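Trainee: here are the coordinates; sequence isn't available:
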Ligand code: PHE
């Protein structure tokens, strides 16, 4: 008897239809006054005492399942005037596709993670800035070419207001508001008046860093950047510093890493030099410390800045900067 009911449960579970007639027949067969379930309940009095409990249990399961099935199938049906079913339950459902992180976000997060491990905090600031925070506080001479309209987007009505060309402006804000020791990085979006091509864009992302304390030396800068390069590009990575110029650092340098693609042997990405330029850095110019109210006799510091787009290109072999902004999912899904 129990087996029979279990067989009926299986039958109920397997039943499916999008046809009103068929569902009604199913309901009559199982749930009407003369249906299977009622018949079985009538049987109950004939079941031996010791089997009553189990019998009742499975019978209730059968009843509930049959009721649920009828309700479920009815809910899924909508009829039009002709009585034909509109919804085809046999059609596959809509598939929800999962998105992926943008490569710039992936690399930015990785860079942030490395520097937070070294004790750097994260600072953010406005994208629309004034001349003081982007240039003057950073020791840019009045006639420095970076102030030229060629490089910077100024607000027409007020040339004192501009779109930041680097996130060094955020570090000026940190120096204004905090006392050394300062150890912070500022990730963010920056803007430059450049013609858009495979190698340049008017919008890109940077991570800049600033470390000010007593006795901060060039050796600290080198060691920090070496650690960073190895963490991001692999243990075998080597670094090389070349003298350079920035208004806000003295001495200044540009840092290359050994080419991650050919391992330093020479390839078309490193233009057969074995080295790739990835960031600018240097010791904070005492003028900058003084402009921001920090005693340049007591304190020294280092700073560095890098473009995330460029680092992402090197890490993943992306050949065209414009791909980052087009949001073509065929590109974005690869990361
Ligand atoms: N601010 C520089 C740039 O945008 C990068 C930099 C930061 C260089 C700090 C040296 C020190 O190119």
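Mentor: Alright, I've got the coordinates. None of these values were measured; they are calculated from a predicted model.

Trainee: now do the helices in the stretch 101-250 of the chain.
Mentor: Taking DSSP state H, counting those that start in this stretch as the criterion, the stretch 101-250 of the chain carries its helices at 103-117, 131-134, 168-177, 218-233.

Trainee: so for the ligand, which of those helices sits nearest?
Mentor: helix 168-177 (4.4 Å; C-beta to the nearest ligand atom). All C-beta atoms are positioned from the backbone trio N, CA, C, and that covers glycine.

Trainee: before we move on, back to that, just put the helices of the stretch 101-250 of the chain in JSON lines and tack on mean pLDDT and distance to the ligand.
Mentor: Putting the helices of the stretch 101-250 of the chain into JSON lines (pLDDT from 0 to 100; distance: least, C-beta to the nearest ligand atom, whole Å) gives the following:
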{"stretch": "helix 103-117", "mean pLDDT": "97", "distance to the ligand": "14"}
{"stretch": "helix 131-134", "mean pLDDT": "95", "distance to the ligand": "10"}
{"stretch": "helix 168-177", "mean pLDDT": "96", "distance to the ligand": "4"}
{"stretch": "helix 218-233", "mean pLDDT": "97", "distance to the ligand": "10"}
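
Trainee: deepest in the core, which of the ones you listed is it.
Mentor: For the helices of the stretch 101-250 of the chain, the largest average neighbour count (mean count of other C-beta atoms under 10 Å) is found in helix 168-177, namely a mean of 21.

Trainee: what residues does the stretch 101-250 of the chain put near the ligand?
Mentor: Residues of the stretch 101-250 of the chain lying near the ligand by C-beta under 6 Å from any ligand atom: 166, 168, 208, 246, 249.

Trainee: taking the residues you listed together, which two end up most distant?
Mentor: 166 and 249 (12.3 Å; C-beta to C-beta).

Trainee: residue 246 contacts residue 279, doesn't it?
Mentor: No - counting by C-beta atoms under 8 Å, residue 246 stays clear of residue 279, with 11.3 Å between them.

Trainee: can you give me the neighbour number for residue 237?
Mentor: Applying other C-beta atoms under 10 Å, we find 18 residues neighbouring residue 237.

Trainee: leaving out sequence neighbours, find the closest residue to the residue of the stretch 101-250 of the chain found nearest the ligand.
Mentor: Taking C-beta to the nearest ligand atom as the measure, the stretch 101-250 of the chain has residue 166 as its residue closest to the ligand, at 3.3 Å. The shortest distance from residue 166 to any non-neighbouring residue, by C-beta to C-beta, 6 or more residues apart in numbering, is to residue 190 (5.5 Å).

Trainee: quick check: longest helix of this protein.
Mentor: helix 52-75 (DSSP state H).

Trainee: domain map for this structure?
Mentor: With domains defined by automatic domain parsing, the chain comprises 2-80, 103-332.
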